[in-house]
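In: Pasting the sequence and the predicted model now:
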Amino acid sequence: MKILKCAYKAKFIKKVFISVTCVLLAGCSLAQADQAKQQAASTQLLCAMGDMLVYDSQLNDAFKSVLGDFGYEVAAFSNQNKRASTNFVLFRSLEPSPQTNRYINILAIPGTEKMKDVEVDLRFGKVLFGGTNPAEFAEFAKTEKTTSADPLVHRGFNDYTQTAFFTTRPDGTMGVDKVFEIVKADSEQLILTGHSLGGAVSVLLGSRLQCMGAPMDELEVVTFGAPAVGNQVFADKYGSKVNYTRYTMSGDPVHGMLQLLKSGYVQTGKEVKCQRNPNSYRFSHNMAEYLDYSIRNYLDVMEQDGMALNDYVDTAAVSKKFSLPEKNIKGRVYLTPAVITLPDELLNDKKYMSRLTELLSDYGFDEAVKGDETDTAAQLKGAQQAGCGRISRVAIDARQIKKKVYQVTVNEEITDAYGNIVSTQTCGTATDNVSPIEAVLFGLGRCVTNRQMFK
């Protein structure tokens, strides 16, 4: 695969990340319907990765390093006052899309993760939504007498949005200044994304930007497990004007909770229903669940269309765009099929684990040849006939620790073409904070990263 050949020097998850990034940055010759489907899957996965960045998990260090290594400039923001505490991440492509000639900016806003945020969530009262500038936004929200005929939004979500983006800082600026500058620029495209409370804030911010005169064709909102933010009047007058896609997970109660607890709240935007992975230990609302679905959906779309990652990418251009400084293992390597041993209850994840192994296993080598032999003798013969000096074997297994929690282990063995061991390593993690698929991604990544130490 071309993209595999151009990116051998990347760290583990860069393979998946660059494929998603390149779909967003590079032109393709797909039919329009297929192109839209691929674009949606790519945007979903990229936003899910961004929303994981604002939480604490073992995957996040990899995500953060990938952004810089793959041509994104990153800026972290923080605003705090007595009403709310907010932190969010903005990352921007350093190269414009050949299709639109615009740079891609993704603003990821966190969900509920601190007790102060919970206090924001529980302020169920509604405030009036209106105005065309920050000062007017605040004044409208102070209106005491309102009716159901007015556009009303959740008081706590509105406070959070005001604190994060419309509160004047000591230097006289506001958080919205940079965001508005982005979406107004002819060369920029902005995607607002968030999980849970972060998704609600993304919707309100998108509507605020609309009120300020931002062009709606350059703005998109993508949320995961986000609750409703306002009443029907708000949805009709403001929410429907924003290009908004909301992903909801089966079994996740949060996106419908406000409608149950308080009358008058309605959702807006296009809903995409996600199927929860039954193998995951995490609560269905957890962002790790949405990331797991985004990975599975992306791989499913690729497989259904019979597409390879390199079908979208000018690999020569990619190698020029991205700086990949690590050293490869010299010579050709013969890649054997992964041996995946799982408990029966995890077997429905096997195809995704296998696909991730196919995508990542040849990183760090000068050149790779893929074989299909499962017999050791046949593998040695195949490697010798292909002129490969190394053979790489990957084995994945999982054992149950407690109910719904597994220890997932990825073992990699590299031998010479005659079966003599060159290196062996084992990387594993438990699935109490990540899904089994994400655990395999983590283990494969650690193996690839560790390979850099080998000669």
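Out: Ah, there it is.
In: Where does the prediction get shaky in the stretch 351-455 of the chain?
Out: The stretch 351-455 of the chain contains residues with pLDDT under 70 at 363-364, 452-455.
In: Helices of that one, start to end?
Out: For the stretch 351-455 of the chain, the helices defined by DSSP state H, counting those that start in this stretch cover 376-385, 436-451.
In: wait, which of the ones you listed is closest to residue 291?
Out: helix 436-451 (6.6 Å; C-beta to C-beta). In short, each C-beta sits where N, CA and C put it, glycine included.
In: mind checking how far the residue nearest to residue 241 when sequence neighbours are not counted is from residue 266?
Out: Leaving out its chain neighbours, the residue that sits closest to residue 241 by C-beta to C-beta, 6 or more residues apart in numbering is residue 210, at 5.5 Å. Residue 210 sits 18 Å away from residue 266, taking C-beta to C-beta, to the nearest Å as the criterion.
In: what sits against residue 413?
Out: For residue 413, the contact set (C-beta atoms under 8 Å, 6 or more residues apart in numbering) comprises 392-393, 395, 421, 423-424.
In: nearest to residue 100, of these?
Out: Residue 100 lies nearest to residue 392 out of these, by C-beta to C-beta, at 39.0 Å.
In: Kindly provide the distance from the closest one to residue 449.
Out: Distance from residue 392 to residue 449, by C-beta to C-beta: 15 Å.
In: Show me what the longest helix along the chain is packed against.
Out: When the chain is parsed with DSSP state H, its longest helix is helix 32-53. Helices and strands touching helix 32-53, by 3 or more C-beta pairs under 8 Å, 6 or more residues apart in numbering; DSSP states H and E, are helix 14-25, helix 60-69, strand 85-93, strand 103-109, strand 188-195, strand 219-224, strand 244-249, helix 287-304.
In: Need phi/psi at the residue nearest to residue 241.
Out: Dihedral angles of residue 210 (phi, psi; degrees, to the nearest 10) stand at phi -60, psi -50.
In: Where does the prediction get shaky in the stretch 1-150 of the chain?
Out: Those would be 1-33, 56-72, 77-87, 98-99, 112-123, if you go by pLDDT under 70 across the stretch 1-150 of the chain.
In: Run through the residues that contact the closest residue to residue 239 other than its chain neighbours.
Out: Using C-beta to C-beta, 6+ apart and skipping the chain neighbours, the partner closest in space to residue 239 is residue 268 (3.3 Å). Shown in contact with residue 268 (C-beta under 8 Å, 6+ apart): 203, 228-230, 234-235, 239-240, 244.
In: And the buried ones among those, selectable in ChimeraX?
Out: To isolate the buried ones among the contacts of residue 268 in ChimeraX, judged by 16 or more other C-beta atoms under 10 Å, type:
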select :203,228,229,230,234,235,239,244
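In: Neighbour count for residue 392 and residue 449, which is higher?
Out: residue 392 (25 against 19; other C-beta atoms under 10 Å).
In: Tell me what the more buried one is bridged to.
Out: residue 335, residue 414 (DSSP bridges).
In: correct me, but it touches residue 331?
Out: No. Residue 392 is not in contact with residue 331 according to C-beta atoms under 8 Å; the separation is 11.7 Å.
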